[in-house]
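[1] Here is my input, please return the structure:
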Amino acid sequence: MNSTLKGFLNASNHTFIAFSTSPNKVAFDGVYTKYLVNYLKKPGYTIEDLFKNVRIKVYKTTNKMQQPWERSSLIERVYFRPPKEV
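    Numbering: from 1, shown residues only. Here you go, the predicted structure:
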């Protein structure tokens, strides 16, 4: 594991780091970005749920060849777009 990745693994509280694929793997061009942009437009997803949905879509689309990976030390719910009021 390279030193940059080791530094990410020791991130402090309130940190969320996302990678388009798992460590030491190569990502397909554009697949991760396509799904990330799609989910970023939708309100109501916590950051964890948003990235889990992206991971599932990428994993299925690439026939299990690319699995996005995240490291989180968040201690609160975080939204890119908060839920709409009912």
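[2] which residue is nearest the middle of this structure?
    The chain has Phe51 as the residue nearest its centroid, 3.7 Å off, counting by Cα atoms, centre = their mean.
[3] Contacts only, for it.
    Contact analysis of Phe51 by Cβ atoms under 8 Å, 6 or more residues apart in numbering lists Ala18, Pro68, Glu70. C-betas here are computed from N, CA, C, even on glycine.
[4] what do you get for Tyr39?
    Per Cβ under 8 Å, 6+ apart, neighbours of Tyr39: Tyr45, Leu50, Asn53, Val54.
[5] swap in Arg55?
    Gln67, Pro68, Trp69, Glu70.
[6] how about a cut-off of 10 Å?
    Counting by Cβ atoms under 10 Å, 6 or more residues apart in numbering, Arg55 makes contact with Ala18, Ser20, Ser22, Tyr32, Tyr35, Gln66, Gln67, Pro68, Trp69, Glu70.
[7] tell me which residues in the strand or helix carrying the residue nearest to the centre of the chain are buried?
    Counting by DSSP states H and E, the element that carries Phe51 is helix 47-61. Of all the residues in helix 47-61, those buried under the rule 16 or more other Cβ atoms under 10 Å are Ile47, Leu50, Phe51, Asn53, Val54, Arg55, Lys57, Val58.
[8] Tell me the strands beside the helix or strand following it, with direction?
    From helix 47-61 onward toward the C-terminus, using DSSP H and E, the following helix or strand is strand 69-72. Strand pairing for strand 69-72, using DSSP bridges, gives strand 16-19 (antiparallel).
[9] pLDDT of the strand it pairs with, averaged?
    For strand 16-19, the mean per-residue pLDDT is 94.
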